[in-house]
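Peer 1: quick one, fold the following:
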Amino acid sequence: MPVRNGPWPAGSPCWADCQVDDVQAARRFYAGLFGWDIQEGPEEAGGYLMAM
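Peer 2: Residues are numbered from 1 along each chain as shown. Alright, predicted model coming up:
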C-alpha cells in the first residue's frame, strides 16, 4: 500500500468500503451511531450504499 507523508489537499475524496452480511442492520447501526444519512446508490453502482 502506498504511503503518503504529507496532508491531502482540502476537498480530496475519501471513502472506505464496509462489507456486511445484514445490510439493513448495518444501515440502522451506522445511522444511529454516527447520525449518517445513508442513501441507496443507482442500480449501476452494484448495490452500494452511500453514507454521508
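Peer 1: from here on, contacts and neighbour counts on C-alpha atoms
Peer 2: Fine.
Peer 1: elements contacting the lowest-mean-pLDDT helix or strand in the chain?
Peer 2: Per-element confidence for the chain was summarised using mean pLDDT, DSSP states H and E. The lowest value among helices and strands belongs to strand 49-51, with a mean of 90. In terms of contact count using 3 or more Cα pairs under 8 Å, 6 or more residues apart in numbering; DSSP states H and E, strand 49-51 is assigned the packing partners strand 38-40.
Peer 1: what are the buried residues along the least confident helix or strand of the chain?
Peer 2: residue 49 (16 or more other Cα atoms under 10 Å).
Peer 1: sheet partners, orientation included, of that strand?
Peer 2: Strands flanking strand 49-51 in the sheet, each with its direction: strand 38-40 (antiparallel) (DSSP bridges).
Peer 1: which other residues reach the partner strand?
Peer 2: Contacts to strand 38-40, defined as Cα atoms under 8 Å, 6 or more residues apart in numbering, come from residues 27, 31, 47, 48, 49, 50, 51, 52.
Peer 1: low-confidence regions, the chain specifically.
Peer 2: Where the chain drops to pLDDT under 70, the residues are 1.
Peer 1: and stretch 9-24, how far out from the chain middle?
Peer 2: A distance of 2 Å separates the C-alpha centroid of stretch 9-24 from that of its chain, computed with Cα atoms, centre = their mean, to the nearest Å.
Peer 1: using PDB, write out every CA atom in it.
Peer 2: Once side chains and other backbone atoms are set aside, the C-alpha atoms of stretch 9-24 remain, and they are given as PDB (Å, rounded to 0.1, in the frame of the first residue of the first chain):
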ATOM      1  CA  PRO A   9      -5.300  18.800  -0.300                       C
ATOM      2  CA  ALA A  10      -8.600  20.100   1.100                       C
ATOM      3  CA  GLY A  11     -11.600  18.600  -0.700                       C
ATOM      4  CA  SER A  12      -9.800  15.400  -1.700                       C
ATOM      5  CA  PRO A  13     -12.300  12.500  -1.900                       C
ATOM      6  CA  CYS A  14     -12.100   9.900   0.800                       C
ATOM      7  CA  TRP A  15     -14.000   6.700   1.300                       C
ATOM      8  CA  ALA A  16     -14.000   3.200   2.900                       C
ATOM      9  CA  ASP A  17     -15.800   0.100   1.900                       C
ATOM     10  CA  CYS A  18     -17.600  -2.000   4.500                       C
ATOM     11  CA  GLN A  19     -18.900  -5.500   3.600                       C
ATOM     12  CA  VAL A  20     -21.600  -6.900   5.900                       C
ATOM     13  CA  ASP A  21     -24.000  -9.900   5.900                       C
ATOM     14  CA  ASP A  22     -27.000  -7.900   7.000                       C
ATOM     15  CA  VAL A  23     -27.200  -4.600   5.100                       C
ATOM     16  CA  GLN A  24     -30.300  -3.300   6.800                       C
END
